[in-house]
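Visitor: Return a 3D structure for these sequence lines:
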Amino acid sequence: MIAEAAVIALAAGLYLFDCVVLLERGQALWSRGALSFGSNHYQIRGKAVALLNPFTPFLPAFRTLPLFSTPGAPHPRLSKAVRALAPAAAPGLIQFLLIFVAMPYCLYRAPGWPFFLSLVLAYLNAIAMLVLIWWRFGKADIPRRPLAVLGFGWLACLPLSVNCLRKAGIASTIAIDALSALRLLAAPERQLAREALKAQIEEAAHDLDENDQQHRRLDELRLRLTREADGERV
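Guide: Coordinates of the predicted model:
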């Protein structure tokens with residue numbers, strides 16, 4: 001029983017580690033009409049630490065452009081990215097149930113053929129998701145190069161495949177920054193996201209000299225967000 005518990009704990013730990021995402025200051029994760037900017041205080045290599053909800057791997061997530069991004073390679077539109085990943089939601093839920101419900105149950109109660117069958121089904125589902133996402137990305141003209149590395153990880157370490165829907169989504173940034181994404185939210189969520197963005201801006205400005213041009217741009221953006229919030233309250 002100790003060995004089985006250790007295997008399950010290891011799988012859960014790997015999955016939770018895979019849920020950690022690093023964001024630039026002012027960059028956001030978009031998922032189901034909500035924006036998340038990560039922690040204001042915890043950083044790794046100067047980037048904010050964000051955590052994908054471990055209980056909703058079947059909901060797609062996307063990264064917005066960093067603030068003040070300069071034009072570069074084309075980025076997929078949010079609507080196009082959402083449509084591309086929508087068919088993978090059901091297999092994503094099935095993968096979550098296979099790895100964290102069916103397989104642990106079989107490991108304890110039926111360690112023979114039932115466990116082996118659930119393991120085979122999990123691998124087949126992971127391969128099916130990879131092929132489906134690869135095909136949908138190609139159809140939507142979304143870059144597929146990151147999927148090669150991600151797909152190898154999903155098959156080499158099965159718990160990582162639970163996150164395939166969201167990791168595919170955040171592999172490329174969408175063609176919208178957090179400031180523009182605020183307008184897509186309902187009023188209550190928009191107010192919360194605006195306050196979170198202001199906190200990220202203040203944290204980023206704190207690390208810069210007051211005479212720095214980037215500091216002035218951040219301060220102007222903070223004042224703009226404050227005026228917009230005050231205008232909505234009137």
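Visitor: To which secondary structure element is the closest residue to residue 88 other than its chain neighbours assigned?
Guide: When the adjacent residues along the chain are set aside, residue 88 lies closest to residue 165, with 5.0 Å between them (CB to CB, 6 or more residues apart in numbering). (Each C-beta comes from the backbone N, C-alpha and C, glycine too.) Per DSSP states H and E, residue 165 falls inside helix 164-170.
Visitor: Check which helices and strands that helix sits against.
Guide: Contacts defined by 3 or more CB pairs under 8 Å, 6 or more residues apart in numbering; DSSP states H and E place helix 164-170 against strand 62-65, helix 78-85, helix 89-97, helix 113-139, helix 145-156.
Visitor: For that helix, give me every contacting residue.
Guide: With contacts defined as CB atoms under 8 Å, 6 or more residues apart in numbering, helix 164-170 is touched by 18, 21, 29, 31, 52, 57-63, 81, 85, 88-89, 92, 95, 126, 129-130, 133, 137, 146-147, 150, 154, 160.
Visitor: Would you mind checking these for buried ones?
Guide: Buried subset of the contacts of helix 164-170 (neighbour count, 16 or more other CB atoms under 10 Å): 18, 21, 29, 31, 52, 57-63, 81, 85, 88, 92, 95, 126, 129-130, 133, 137, 147, 150, 154, 160.
Visitor: ok, now which ones touch the residue nearest the centre of the chain?
Guide: In the chain, the C-alpha nearest the mean C-alpha coordinate belongs to residue 61, at 4.3 Å (CA atoms, centre = their mean). Taking CB under 8 Å, 6+ apart, we find residue 61 in contact with 29, 30, 31, 52, 166, 169, 170.
Visitor: Kindly reformat the residues you listed as TSV containing distance to residue 118.
Guide: Below are these laid out as TSV (distance: CB to CB, whole Å):
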residue	distance to residue 118
29	31
30	33
31	28
52	24
166	23
169	26
170	28
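Visitor: still on that earlier bit, can you tell me the strand partners of the helix or strand following the helix holding residue 165 and which way each runs?
Guide: Downstream of helix 164-170, the next assigned helix or strand under DSSP H and E is strand 173-177. Strand pairing for strand 173-177, determined by DSSP bridges: strand 62-65 (parallel).
Visitor: what is the mean pLDDT for the partner strand?
Guide: In this model, strand 62-65 has a mean pLDDT of 91.
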